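>>> kindly return the folded structure for what I paste below:
(one chain, ligands or ions: 1)
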Amino acid sequence: MQSYQTREMATPLCQPAASHFIDGTFMEDNTGPEILSVNPVNGEIIAKLHGATSAMIEKAIGSANRAQKEWARKEPAERGRVLRRAAEIMRARNRELSVLETHDTGKPISETLVADAASGADCLEYFGAIAATLAGHSIDFGEDWVYTRREPLGVCLGIGAWNYPIQIAAWKAAPALACGNAMIFKPSEVTPLSALKLAEILTEAGLPPGVFNVVQGAGDVGAELATHPAIAKVSLTGSVKTGATVASAAMAGIRPVTMELGGKSALIVFDDADVEAAVSGAILGNFYSAGQICSNGTRVFLQRGIREAFLARLLERVEALKIGDPMDEETGLGPLVSAAHRNRVAAYVARAEVEGAYKATPRRKLPPGDAWHEPVVFTNVADWMTLAQEEVFGPVMAVLDFDDEKDVVSRANATEFGLAAGIFTRDLVRAHRLAAELEAGTVWINAYNLTPAGMAFGGIKRSGIGRENGRAAIDHYTQLKSVFVSMQTYHGKDGRSSKPQTDPTIFHECV
Ligand code: NDP
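Numbering: from 1, shown residues only. Got it, this is the predicted structure:
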């Protein structure tokens, strides 16, 4: 394999005005540790930034704290208008944002044009529309009554992974802001750039300064923010390991969390499935974004009768995947996000071979560079193999065989993860039966990895806590306040006589 060092250009191609975006403007603090944003295609340094110092973190917190109070007082419909304007600006700038995301992540432009900023815009539009509908309810207790208020939490922290940088930022910001919160967002240090664009766009759309701040940095910056007393909620997209650390740090301060974590999802193909559709689902769920998608269906269970036809078509299509320059719209597979990540994926592939899985795909010629990995399909995978148990997060599919429906459900569920699952069958009764039995936050029937903004998305078991998108996200960015309204002095339980408010029995009646 040819290799390269990172290459420095006189003017980095994607250099932002400064590292952080705080209080409606770009800010720099050169004393923070250097962050290099590298194009994984060729090692070119496309931007040089600095991680936030504690002083910068305090600036972000101070400005978000001030701004949130004003923002929460705005009419929800007005908050929604700002988000919808931002969605329009994002769509108008989609190509520019997609090019930036392709340079920063290595994902093919054919994907970033439709799945990254575009999905972020959909989400802003969705929560922009929902903002005006936020409401509590009232409950009748005879003459007295209770009403509830959906109130914002305060300053929320968003921490992003590197695989869908602007999408993750928008998926967190949109519901948070719609509900009247402010958000401080820390992107992954591997892909620091597009969250800054989102901040710019929101500001252009009329978001008041400080309501959405971006601070750069590695895990230590995330940790400092997650434990800061001014932070009211933490939403993280990342690995289970980081999720466990961040959730316990946040919970130590009794802060609610949303955790979007990893997976090892099952995609189950029955004998009666449409072969072409099932192969498309499996390709989408294993090779899109070079396999760097949390919800990927990386354990493909094939019922014995469809196995040969499915594998023949799968291998044909995988071999036809064009590997190369992600800026070429014909490219189907770009590099992984970094050389370090490529090495992790390669180690999983080597281990699968040692453990006895059969590598069914031929060796492919790869472009020069350290971050490339060929697409791999392993057959003869057993449930106990590392490949069937751990998240690889690369273009590597594990194919397993099954005969019986009951057996495949229990094998699909025999994992610590529970992010997603897919079923391909023409038998819809069976499909709905399995949808109920599979332990997963999302189940796709005759489709895979589709995530419209109106659909709640998130994991069960170790794949996460809480939901993003859909109306469900509102519960995770608001708190419910009950207001008891007494219409008279006070009536005891027996309804007989008025008692003074100070009567201690009132407390007994509350428990
Ligand atoms: P990581 O868990 O390594 O990092 C996630 C984010 O957390 C990064 O911004 C990271 O900073 C930050 N971080 C790391 N340590 C801490 C800490 N102690 N306190 C606060 N923040 C911290 O994940 P990756 O970025 O490598 O992303 C890949 C993982 O994300 C995969 O497991 C994938 O499944 C999961 N994922 C889940 C999704 C979902 O919706 N369920 C969607 C996409 C990805 P830095 O990287 O800068 O060090």
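>>> what residues does the chain have near the ligand?
Within the chain, the residues that sit near the ligand (Cβ under 6 Å from any ligand atom) are 159-163, 186, 188-190, 218-219, 222-223, 226, 236-239, 242, 245-246, 260-262, 294, 391, 393, 419, 459, 464. Every residue, glycine included, has its C-beta placed from N, CA and C.
>>> how about a cut-off of 5 Å?
Within the chain, the positions adjacent to the ligand are 159, 161-163, 188-189, 218-219, 222-223, 237-239, 242, 245-246, 260, 262, 294 by Cβ under 5 Å from any ligand atom.
>>> need the nearest residue in space to Met251, chain neighbours excluded.
Val257 (6.7 Å; Cβ to Cβ, 6 or more residues apart in numbering).
>>> for Trp171, see how far away that neighbour is.
15 Å (Cβ to Cβ, to the nearest Å).
>>> for Thr105, what are its contacts?
Neighbouring residues of Thr105 by Cβ atoms under 8 Å, 6 or more residues apart in numbering: 40, 112, 162-163, 165, 191, 289, 337.
>>> my error: substitute Ser37 in the last question.
Counted by Cβ under 8 Å, 6+ apart, Ser37 has contacts 12, 14, 45-49, 104, 190-193.
>>> now, these that are in helices?
Among these, DSSP state H puts Asp104 in helices.
>>> what's the most distant pair in the contacts of Ser37?
Taking Cβ to Cβ, the two most distant members of these are Pro12 and Val190; they sit 15.5 Å apart.
>>> more neighbours, the two?
Val190 (22 against 18; other Cβ atoms under 10 Å).
>>> how about the nearest residue to the more buried one, chain neighbours excluded?
Trp162 (4.0 Å).
>>> pLDDT weak spots in the chain?
1-10, 490-511 (pLDDT under 70).
>>> could you pull out the strands for the stretch 101-250 of the chain?
For the stretch 101-250 of the chain, the strands defined by DSSP state E, counting those that start in this stretch cover 138-141, 144-152, 155-159, 182-186, 212-214, 231-237.
>>> pipe those into TSV and attach mean neighbour count per row.
Listed next are these as TSV, based on neighbours: other Cβ atoms under 10 Å:
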stretch	mean neighbour count
strand 138-141	10
strand 144-152	16
strand 155-159	28
strand 182-186	28
strand 212-214	30
strand 231-237	25
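>>> now these as a markdown table including distance to Thr442?
Output for the strands of the stretch 101-250 of the chain, formatted as a markdown table (distance: least, Cβ to Cβ, whole Å):
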| stretch | distance to Thr442 |
| --- | --- |
| strand 138-141 | 32 |
| strand 144-152 | 25 |
| strand 155-159 | 21 |
| strand 182-186 | 24 |
| strand 212-214 | 27 |
| strand 231-237 | 15 |
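>>> buried subset of the residues of the chain next to the ligand?
For the residues of the chain next to the ligand, a burial check counting by 16 or more other Cβ atoms under 10 Å picks out 159, 161-163, 188-189, 219, 222-223, 237-238, 242, 245-246, 260, 262, 294.
>>> keep only those of those that are in helices.
Members of those lying in helices (criterion: DSSP H): 219, 222-223, 242, 245-246.
>>> neighbour count for Val257 and Trp171, which is higher?
Taking neighbours as other Cβ under 10 Å, Val257 and Trp171 compare with Trp171 leading, 28 against 21.
>>> I figured the more buried one hits Glu468, correct?
Yes: assessed by Cβ atoms under 8 Å, Trp171 is found in contact with Glu468 at 5.0 Å.
>>> tell me the contacts of Gly160?
168-169, 172, 185-188, 191, 195, 237-238.
>>> how near is the closest residue to Gly206 other than its chain neighbours to Val409?
Excluding its sequence neighbours, the residue lying closest to Gly206 (Cβ to Cβ, 6+ apart) is Val82, at 4.7 Å. Between Val82 and Val409 the distance is 45 Å, computed by Cβ to Cβ.
>>> and for Gly291?
25 Å.
>>> quick one: which of those two has more around it?
Each of Gly291 and Val409 had its neighbours counted (other Cβ under 10 Å), and the higher figure belongs to Gly291 (23 against 20).
>>> distance check, the closest residue to that one other than its chain neighbours against the ligand.
Leaving aside its chain neighbours, Gly291 sits nearest to Pro395 (4.0 Å; criterion: Cβ to Cβ, 6+ apart). The gap separating Pro395 from the ligand is 15 Å, by Cβ to the nearest ligand atom, to the nearest Å.
>>> what's the burial count for Phe26?
15.
>>> partners of the helix or strand that contains it in the sheet?
Under the criterion of DSSP states H and E, Phe26 resides in strand 25-27. Using DSSP bridges, the strands paired with strand 25-27 are strand 20-22 (antiparallel).
>>> contacts only, for the nearest residue to Ala473 once chain neighbours are set aside.
Distances taken as Cβ to Cβ, 6+ apart put Pro175 closest to Ala473, at 4.0 Å, once the chain neighbours are dropped. When contacts are counted by Cβ under 8 Å, 6+ apart, Pro175 touches 127, 468-469, 473-474, 476-477.
>>> in helices only, show me those residues.
127, 473-474, 476.
>>> now do the helices in the stretch 1-150 of the chain.
Using DSSP state H, counting those that start in this stretch, the helices of the stretch 1-150 of the chain run over 54-73, 76-92, 94-105, 109-115, 117-130.
>>> quick one: contacts for the closest residue to Glu125 other than its chain neighbours?
Closest residue in space to Glu125, ignoring its immediate chain neighbours: Ala87 at 4.0 Å, by Cβ to Cβ, 6+ apart. Each residue near Ala87 by Cβ under 8 Å, 6+ apart is listed here: 121-122, 124-125, 128.
>>> any idea how far Ala87 lies from the ligand?
Ala87 is 21 Å from the ligand, by Cβ to the nearest ligand atom.
>>> gap between that residue and Gly128?
From Ala87 to Gly128 the distance is 6 Å (Cβ to Cβ).
>>> then Arg351?
46 Å.
>>> between those two, which one's more packed in?
Gly128 (24 against 15).
>>> what's the end-to-end length of stretch 365-373?
Counting by Cα to Cα, to the nearest Å, you get 10 Å between the two ends of stretch 365-373.
>>> actually stretch 152-169, sorry about that
End-to-end distance (Cα to Cα), stretch 152-169: 19 Å.
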